[in-house]
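Asks: mind folding the following:
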Amino acid sequence: MTKKEIGTDQLITHIIKGIEEVKGNDINILDLRDIENTVCNYFVICNGTSNTQVNAIVNSIQKTVSKELKDKPWHVEGSDNAEWVLIDYVNVVVHVFQKHIREFYDIEGLWGDAKTTVIETNY
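Replies: Numbering: from 1, shown residues only. Coordinates of the predicted model:
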């Protein structure tokens, strides 16, 4: 039996659900598919207000995706200091920042050619 292929749209939906569970801020999806030589198809970017909230967002994303899709990230990096945590689901890479670190690195500016979708939140 082969493992069922998880749809990218499904994965992004559950990643966003995980972010919203713990009130992650400023959620953006960058579609990188039309840009040459990218490492993945999508970036999901958000930020928290502290290292505690950043870790809570990361844990919530992993828990939600694991529970709903039975999928685990290929790699997680940056959890130790929780200023910028990267969660790699191969086709989708999630960046969870503290606000000041996000502003400093300006990933949205670096990937300015990407189509950006802003997710509105109600909190």
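Asks: CA atoms for contacts and neighbours, from now on please.
Replies: OK.
Asks: quick one: residues contacting the spatially most central residue of the chain.
Replies: When CA atoms, centre = their mean is applied to the chain, the residue found nearest the centroid is residue 94 (2.3 Å). Neighbouring residues of residue 94 by CA atoms under 8 Å, 6 or more residues apart in numbering: 43-45, 86-88.
Asks: out of the residues you listed, which one sits closest to residue 52?
Replies: If you rank these by distance to residue 52 using CA to CA, residue 86 comes first, at 15.3 Å.
Asks: does that closest one have beta-bridge partners, and which?
Replies: When bridges are called by DSSP bridges, residue 86 pairs up with residue 77, residue 95.
Asks: doesn't residue 74 make contact with it?
Replies: No. Residue 86 lies out of contact with residue 74 (CA atoms under 8 Å); the separation is 10.7 Å.
Asks: who has more neighbours, these two?
Replies: When residue 86 is set against residue 74 and neighbours are counted by other CA atoms under 10 Å, the residue ahead is residue 86, at 20 against 10.
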